[in-house]
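**Student:** here is the input, now give the coordinates:
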Amino acid sequence: MSARAVANEFAKMKHLRIGLVAAVLVIAVSLLSLYTVVSSPQFSPEEPGAWNALLAGMSLGIPLVSPLLLAVIASRQTDIEHTGNGWLLQSTAGITPGGICRAKLAALGTVVTISTLATCLFVLVLGKLLAGILVAVPLGHWAGFTLCVLVVNLAVLALHILLSAKVENQLVALGVGVFGCVMAVFSQGLPAAAAHLTPWGYYALIKAADYEGDRYVSLPLSYPSIAVLAVVAGALFALITFRFDRQEA
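**Tutor:** As a prediction, this is how the structure comes out:
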């Protein structure tokens, strides 16, 4: 992967409206998080666990929309290589198919990182300004949740870049994205061991808060599982893209 290849990917984004899709992701998750607060009759901005309502909203909103929108982002950025014969054109410039995929992950990963951080920050601001939460923000738990969401989002993004690169019909990638949304939500009702079986199940492992009894409570985050996911996803992405390097464009 070269800086030139990454710069090329950023240039392509201007015509593919990747920023618009990322903005939809931020807005959709933020509104779903705020809806959790508005729709809860037990919510009080003065109770000690008031921020847990927003964390619970994000824990539900992110699995509902992220898998599909990440699939859309990866598909749009990769489909241009299929339709414009970009694999061959860039190989003549010395950029291998695997190098293109790694450049796409670097470029799109930057966008996903910014959108993920923006989402968690925006929800925090909404909690202060619109929900009027008066208690102190649990910054440690909030930051940990943000980091875990980022890792899972990047892992799912890497999966979809590989899928979109390998399968020319992008309806397949989008169908997998819809399936991912279903699995991400469904996994929240499964045992933790079962949630480890799919990339989307990890959204259930980073659930930061939930409704229990008559109030929202904070939940522990599965940091070891997320760390393993980061290592395994990174290693598999590197291995598969290096195999792409040995294939003809």
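**Student:** who's sitting farthest from the centroid in this protein?
**Tutor:** residue 92 (32.8 Å; CA atoms, centre = their mean).
**Student:** for it, give me the pLDDT.
**Tutor:** Looking at residue 92, its pLDDT reads 76.
**Student:** the helix or strand of the chain with the lowest mean pLDDT packs against which elements?
**Tutor:** Taking mean pLDDT, DSSP states H and E as the measure, the helix or strand of the chain with the lowest value is helix 86-92, at a mean of 74. If you count contacts as 3 or more CB pairs under 8 Å, 6 or more residues apart in numbering; DSSP states H and E, helix 86-92 packs onto helix 50-83, helix 97-129. For the C-beta atoms, the positions are set from N, CA and C on the backbone; glycine is no exception.
**Student:** right, and the ones you listed - which one's nearest residue 35?
**Tutor:** helix 50-83 (6.7 Å; CB to CB).
**Student:** what average pLDDT does that closest one get?
**Tutor:** Helix 50-83 comes out at a mean pLDDT of 91.
**Student:** cool, stretch 95-115 as well?
**Tutor:** Confidence for stretch 95-115, expressed as mean pLDDT, is 92.
**Student:** Throw the helices and strands packed on helix 86-92 into a markdown table and include distance to residue 25 and mean neighbour count, thanks.
**Tutor:** As requested, the helices and strands packed on helix 86-92 are exported to a markdown table (distance: least, CB to CB, whole Å; neighbours: other CB atoms under 10 Å):
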| stretch | distance to residue 25 | mean neighbour count |
| --- | --- | --- |
| helix 50-83 | 5 | 23 |
| helix 97-129 | 5 | 20 |
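**Student:** columns distance to residue 242 on top of those, output as JSON lines?
**Tutor:** Formatted as JSON lines, the helices and strands packed on helix 86-92 follow (distance: least, CB to CB, whole Å):
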{"stretch": "helix 50-83", "distance to residue 242": "18"}
{"stretch": "helix 97-129", "distance to residue 242": "6"}
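**Student:** quick one: closest of these to residue 188.
**Tutor:** Nearest of the helices and strands packed on helix 86-92 (CB to CB): helix 50-83, 7.1 Å.
**Student:** tilt between the strand or helix carrying residue 227 and helix 97-129?
**Tutor:** Using DSSP states H and E, residue 227 maps to helix 223-245. Interaxial angle of helix 223-245 relative to helix 97-129 (axes from the mean of the first three to the mean of the last three CA atoms, to 10 degrees): 150 degrees.
**Student:** quick one: buried residues of helix 223-245?
**Tutor:** By neighbour count on 16 or more other CB atoms under 10 Å, the buried set for helix 223-245 is 225-226, 229-230, 233, 237, 240-241, 244.
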